[in-house]
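Engineer: Quick one: sequence plus predicted model below, questions after.
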Amino acid sequence: MSEETGGPAILVLEDGRVFHGRSFGATGETFGEAVFNTGMTGYQETLTDPSYHRQIVAMTAPHIGNTGVNDDDPESGRIWVAGYVVREPARIPSNWRAQRTLDEELRRQGVVGIALTGTRALTRHLRDRGAMRAAVSSVESDPRALLARILEQPRMAGSDLAAEVSTEAAYEVLPPQGVETRLHVAAVDLGIKAMTPQRLAERGCRVTVLPATAAAVDILALDPDGVFFSNGPGDPATADRSVDAMRGVLDAGKPLFGICFGNQILGRSLGLGTYKLPFGHRGVNQPVIDTRTKKVAITSQNHGFAVDAPLDAPFDTPYGRAEVSHIGLNDQVVEGLRLLDRPVFSVQFHPEAAAGPHDASELFDEFVDLMSAQPAPAAK
């Protein structure tokens, strides 16, 4: 079955919509929030991104699996998506780096998928009705029975998931051979992608990755030059522990950089609210504009929640004035925050995207510059 789809399978949405297809990947049944990803490439990055925990991801690109799967590109140690929906799986991968087919990898990791011709109809439905709970099954043929189980599943709103995907113990990522170690970054893993500490290490940073449960005292005990808060899954409104940790870092005056979930945590730390987007932003083709330079970047994104902040002018926070640094051009969603009186900023998109565009990679340089500009500690 590695080169052909299997027996009958169904995808059922919580509003009762049913899609029929063929089993792809593991045989079984899975539940999660149905979302769509508009990227034409990077499916291995998507599958292994911890931010997709408890989500059934439908790919809008018609042909998935062309380049197979390898052991070099994963963003974490496992596939995190709850289920996978594609239109036409590649029967034979064609890439010199491929080590196995996508179908083989999904089956190896027990990920249930479905191949169906109606991915366009599914995407339009989710766009109009919003992301919703769903199930994929290749063992249940009665949509009504599956729907009853779907309605018993928890919603994404109100879900606290970061600790479920985070590292259990701290670890270090060192600069590659030949790159001088100049700075030390403490990175809080809320669902971090492997490429993020790598991008920092390439710039001379020794990165200590800490569990999502790390408190401010744990972070500051490392005496880092800067602190990073990563992407991750779940509802930022539930992440009080991370907000408390970030506020402790802000109180200490450390340079701080957040990505995706980290952007939402910064928003909450500044006293702003967050809200759930109807269907979110997921893909490697999302345009954002820098509010200062008016430069437009095509970015990789994966989020279903956003920060509620004024777009038209700076605003006051407990940590001084702040402003929205980036805005999404498709729907005017807040895509970044910046403190005007402290070395602190965040973005909702992914400048580290391995498979996606690198338009925003200079944000890592900006973080390094902020850390380098801080005065050296006084000699004891």
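Structural biologist: On my side now, so go ahead.
Engineer: Next, the contact list for the residue positioned nearest the centre of the chain, please.
Structural biologist: Nearest residue to the geometric centre of the chain (Cα atoms, centre = their mean): S51, 3.9 Å. S51 sits next to W80, G191, N231, G232, P233, C260, F261, N302, H303 when contact means Cβ atoms under 8 Å, 6 or more residues apart in numbering. Using the backbone N, CA and C atoms, a C-beta is placed for each residue, glycine as well.
Engineer: ok, now A237?
Structural biologist: A157, G158, R268, T274, F305.
Engineer: Can you read off the backbone torsions of the nearest residue to the second one once chain neighbours are set aside?
Structural biologist: Excluding the flanking residues, the one nearest G158 by Cβ to Cβ, 6 or more residues apart in numbering is D235, at 5.6 Å. D235 adopts backbone torsions of phi -90, psi 120, taken as degrees, to the nearest 10.
Engineer: D235 against L277, yeah?
Structural biologist: No. Counting by Cβ atoms under 8 Å, D235 sits too far from L277 to count as a contact (11.7 Å).
Engineer: Need the overlap of contacts for the two.
Structural biologist: With Cβ under 8 Å, 6+ apart, D235 and L277 have common neighbours F305.
Engineer: More neighbours: which of those two?
Structural biologist: A count of neighbours by other Cβ atoms under 10 Å puts D235 above the other of D235 and L277, at 20 against 14.
Engineer: ok, which stretches of this structure are helices?
Structural biologist: Assigned helices in the chain, in chain order: 43-47, 102-108, 119-129, 143-150, 162-165, 195-201, 216-220, 240-252, 261-269, 362-372 (criterion: DSSP state H).
Engineer: so of those helices, which one's packed in deepest?
Structural biologist: helix 261-269 (a mean of 28; mean count of other Cβ atoms under 10 Å).
Engineer: by contact count, what packs against it?
Structural biologist: strand 226-229, helix 240-252, strand 256-259, strand 273-290, strand 296-308, strand 334-339, strand 344-347 (3 or more Cβ pairs under 8 Å, 6 or more residues apart in numbering; DSSP states H and E).
Engineer: who does the fourth one touch, helix- and strand-wise?
Structural biologist: What that stands for is strand 273-290. Going by 3+ Cβ pairs under 8 Å, 6+ apart, strand 273-290 lies up against strand 29-37, helix 119-129, helix 261-269, strand 296-308, strand 320-328.
Engineer: what does the average pLDDT come to for it?
Structural biologist: Per-region confidence: strand 273-290 scores 96 on mean pLDDT.
Engineer: ok, now stretch 150-167?
Structural biologist: In the prediction, stretch 150-167 has an average pLDDT of 97.
Engineer: Pull out the buried residues from that stretch.
Structural biologist: Within stretch 150-167, the residues scored as buried using 16 or more other Cβ atoms under 10 Å are I150, M156, S159, D160, L161, A162, A163, E164, V165, S166.
Engineer: ok, those vs T27, which is closest?
Structural biologist: Using Cβ to Cβ, I150 is the member of the buried residues of stretch 150-167 that lies nearest T27, at 19.0 Å.
Engineer: mind listing what R97 touches?
Structural biologist: R97 touches T67, G68, N70, D72, counting by Cβ under 8 Å, 6+ apart.
Engineer: so the second one makes contact with D103?
Structural biologist: No. Using Cβ under 8 Å as the test, G68 is too far from D103 to be in contact (9.8 Å).
Engineer: Tell me the one of the contacts of A237 nearest V35?
Structural biologist: For the contacts of A237, the nearest to V35 is F305 (12.1 Å; Cβ to Cβ).
Engineer: Number of residues surrounding that closest one?
Structural biologist: 21.
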